[in-house]
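**Q** Quick one, fold the following:
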Amino acid sequence: MIKITLPDGSIREYENKITVLDVAKDISEGLARVIVGAELNGELVGVQETIEEDSKINLLKFDSEEGQDVFRHTSAHILAQAVKRLFPDVKLAIGPAIKDGFYYDFDTEHRFTPEDLEKIEKEMKKIVKSDLHPEKFIKPRNEAIEYLKEIGEDYKVELVQDLPEDAVISFYQQGDFVDLCKGPHLPTTKKVKAFKLTSIAGAYWRGDEKRPMLQRIYGTSFEKKKDLDEYLERLEEAKKRDHRKLGKELGLFSMHGEGPGFPFFHSKGMILWRNIEEFWREEHVKRGYSEVKTPIILNEQLWHQSGHWDHYKENMYFTNIDDSDFAIKPMNCPGAMLIYKSNMYSYRDLPLKMAELGLVHRHELAGALHGLMRVRSFTQDDAHIFMLPEQVKDELKNVIELADHMYEVFGFKYHIELSTRPEKAMGTEEQWNMATNALREALEEMEINYVVNEGDGAFYGPKIDFHLEDSIGRTWQCATIQLDFQMPERFDLTYVGKDNEKHRPVMIHRTILGSMERFIGVLIEHFAGKFPVWLAPTQVSILPISDKFNDYGYEVAEALKAKGVRVEVDTRSEKIGYKIREAQLARNPYMLIVGEKEVNDETVSVRDREEGDIGAMKIEEFVNKVVEEIETKKQ
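**A** Numbers count the residues shown, from 1 in each chain. Prediction:
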């Protein structure tokens, strides 16, 4: 008798082995029609999987992340099969499911074009309609290598050669197509009815810029056409909001070939930057942080001491000064260690909170660079908090509260992930357990829901990551809170306790915005360039109807400037309709139209960026309105 335990704790018993699909049918025929896979004893499997022993099972629909992975993994195989049919000489690399879709990497002399994507989609539709059933077969490692050599799949050969000698290699076959794959897959290709190939990009084999450049085709798929259409609409909206496009149009920043991955901020971009920075500084001062600044270049030996050399060397830049080796800092923390060590602290001095807007440099592959979202130099809004062991939980809560407050002001919702010990890590298991439990307890005591992200902690400690949700539902990882028992040990940091003995402080590394550059990129896309008044580089545009009202326009501007409002006066000899359109394209929150009536009445005609004309106001009345919106940081 085989016992199958369902997520609600109920148990179903079967006399003989049974498939996942048959378990679903036993529960309900309707359920059997919609499941796409299952978690069997914690492992992701297809509905064809046979259950031969007592097991725990969680049946997956498309609405689950794991269910979407199965669905889109099969979609990637359909894409690869279609490409092989149309371009027989192509060599296959990898084709995983990813968030919101899938991709496949190909090596071919042919350069894929948008027209090719249309042809590939047509071939994919034929494969879907053919109702092909992905079937698994296995081979010993050496046989798998020979088989892959025979069919000319060199990249797959390399993948198998990296596996242990005793590995059993699995393949999936659907019709005339075979792929190296551990699965799982849908039971039939006909389930993938709504799909779209979305773009073509370059990608280095195994992410190594010294290896061949492959062509990557991205796509997405859904169970229902309605969901696909909604997703494609969101993609179109995302294109309109692309921070690279808007950054150029609004004169905020630019990127140049002379400095790939190193952004250039223009004057309007710096206004936005300074507003965010001032808000950041105000909130930190309120909470007892002191601000510090550490050098960009530090001796190489420091990075050996911190552990970055062993764990982060490939992402660092180096230089030589006075015959000594130096590194350009990829992180701010070692500098904070040296500041701490320059003084002797008592337990009464802790917690000590050092905040730093620190410029760091990290080597990113050229193909990974993306506007402000992935750059090689960026300013982290860092802080390092040194504390007594008994203060850890309260300080974690304080940082979470600060992040929550700042995100609320910017209008972001968020979810939290707790990341645990990675494979390459410093310190003992006991230290990691202590640190992870402290993070977990702080979240639970604050009644905050979180997801555990196994193995994704920093090399020196577990962390809490905040993932912001923007106005069109995309998520961005920004704040991170890392609890660290390792660096205080490596740098021999101490404080004098109540017993007059030296003790080791505990340390929190944390950012709230993540990096100024990336956060500005996120803000541009979140607001589609339509920043709230307090952030907008130009808060008010004054638009005289003709040249003879320019002087009045400047008078109004001076009244606003006297209260700190950022104003532009458009004195060009253009029609008022043109001026309004230009100000609207610049996404300025308010436009003040001034002509003869306004001069006579000592008023301004106010046009709101979103609402259009909102009527005439006395100058003082409008000034007070804008100032209030700035001071309250109205969204």
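**Q** which residues of the stretch 101-250 of the chain fall in helices?
**A** 114-129, 141-150, 154-161, 225-241, 243-249 (DSSP state H, counting those that start in this stretch).
**Q** Mean pLDDT added to those, as CSV?
**A** Putting those into CSV (pLDDT from 0 to 100) gives the following:
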stretch, mean pLDDT
helix 114-129, 97
helix 141-150, 95
helix 154-161, 95
helix 225-241, 93
helix 243-249, 96
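**Q** Same list, these, but as a markdown table with distance to Gly183 and mean neighbour count please.
**A** C-beta: built from backbone N, CA, C; applies to glycine. Shown next, in a markdown table, are the helices of the stretch 101-250 of the chain (distance: least, C-beta to C-beta, whole Å; neighbours: other C-beta atoms under 10 Å):
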| stretch | distance to Gly183 | mean neighbour count |
| --- | --- | --- |
| helix 114-129 | 18 | 16 |
| helix 141-150 | 15 | 15 |
| helix 154-161 | 15 | 17 |
| helix 225-241 | 24 | 14 |
| helix 243-249 | 38 | 18 |
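**Q** how about those in JSON lines, adding distance to Asp54?
**A** Output for these, formatted as JSON lines (distance: least, C-beta to C-beta, whole Å):
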{"stretch": "helix 114-129", "distance to Asp54": "37"}
{"stretch": "helix 141-150", "distance to Asp54": "31"}
{"stretch": "helix 154-161", "distance to Asp54": "33"}
{"stretch": "helix 225-241", "distance to Asp54": "37"}
{"stretch": "helix 243-249", "distance to Asp54": "52"}
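**Q** and of those, who's closest to Val565?
**A** Comparison of those against Val565 by C-beta to C-beta identifies helix 243-249 as nearest, at 22.9 Å.
**Q** could you dump that closest one to PDB, C-alpha only?
**A** C-alpha atoms of helix 243-249 as PDB (Å, rounded to 0.1, in the frame of the first residue of the first chain):
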ATOM      1  CA  HIS A 243      14.800  54.700 -18.200                       C
ATOM      2  CA  ARG A 244      17.500  54.800 -20.900                       C
ATOM      3  CA  LYS A 245      15.100  56.400 -23.400                       C
ATOM      4  CA  LEU A 246      13.500  58.700 -20.900                       C
ATOM      5  CA  GLY A 247      16.900  59.600 -19.300                       C
ATOM      6  CA  LYS A 248      18.000  60.900 -22.700                       C
ATOM      7  CA  GLU A 249      14.700  62.700 -23.500                       C
END
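**Q** Any idea how far apart the tips of stretch 44-56 sit?
**A** 12 Å (C-alpha to C-alpha, to the nearest Å).
**Q** Same question for stretch 154-167.
**A** Calculated as C-alpha to C-alpha, the first-to-last residue distance of stretch 154-167 is 19 Å.
**Q** start the count at 898, not 1, going forward
**A** Got it, the first residue is 898 from now on, which makes the last one we talked about stretch 1051-1064.
**Q** Quick one: closest of the helices of the stretch 998-1147 of the chain to Gly1370.
**A** That would be, of these and by C-beta to C-beta, helix 1122-1138, which comes in at 6.8 Å.
**Q** other SSEs contacting the closest one?
**A** Here helix 1122-1138 touches strand 1091-1101, strand 1110-1119, helix 1413-1424, going by 3 or more C-beta pairs under 8 Å, 6 or more residues apart in numbering; DSSP states H and E.
**Q** Pick the most deeply packed of these.
**A** Highest mean neighbour count of the helices and strands packed on helix 1122-1138: helix 1413-1424, a mean of 24 (counted as mean count of other C-beta atoms under 10 Å).
**Q** and it, what's its mean pLDDT?
**A** The pLDDT scores in helix 1413-1424 average 95.
**Q** tell me which strands and helices whichever helix or strand comes after that helix is in contact with?
**A** Later in the chain than helix 1413-1424, the nearest helix or strand by DSSP states H and E is strand 1437-1441. Packing contacts for strand 1437-1441, counted by 3+ C-beta pairs under 8 Å, 6+ apart, involve helix 1447-1458, strand 1464-1466, helix 1473-1482, strand 1487-1491.
**Q** Go through these and name the closest to Lys996.
**A** Lys996 sits nearest to helix 1473-1482 of all those, at 32.6 Å, using C-beta to C-beta.
**Q** May I see the buried residues of that closest one?
**A** Buried residues in helix 1473-1482, counted by 16 or more other C-beta atoms under 10 Å: 1473, 1476-1477, 1479-1480.
**Q** again with stretch 1283-1298
**A** Within stretch 1283-1298, the residues scored as buried using 16+ other C-beta under 10 Å are 1283-1285, 1288-1289, 1292-1297.
**Q** Need the contact partners of it.
**A** Residues from elsewhere that reach stretch 1283-1298 (C-beta atoms under 8 Å, 6 or more residues apart in numbering): 1184, 1237, 1242, 1244, 1247-1249, 1251, 1282, 1335-1336, 1338-1340, 1342-1343, 1345, 1361, 1378, 1380, 1385, 1390, 1392, 1402-1405, 1407, 1409.
**Q** that older thread, looking at the helices and strands packed on strand 1437-1441, which is nearest to Gly1144?
**A** Nearest of the helices and strands packed on strand 1437-1441 to Gly1144, taken as C-beta to C-beta: helix 1473-1482 at 14.3 Å.
**Q** got the angle between that closest one and strand 1437-1441?
**A** 170 degrees (axes from the mean of the first three to the mean of the last three C-alpha atoms, to 10 degrees).
**Q** Give me the mean pLDDT for helix 1473-1482.
**A** pLDDT averaged over helix 1473-1482 gives 96.
**Q** Setting aside sequence neighbours, what's the nearest residue to Phe1388?
**A** Met1234 (4.3 Å; C-beta to C-beta, 6 or more residues apart in numbering).
**Q** which residues does the one you found contact?
**A** 1203, 1384, 1388, 1390.
**Q** Thank you, goodbye.
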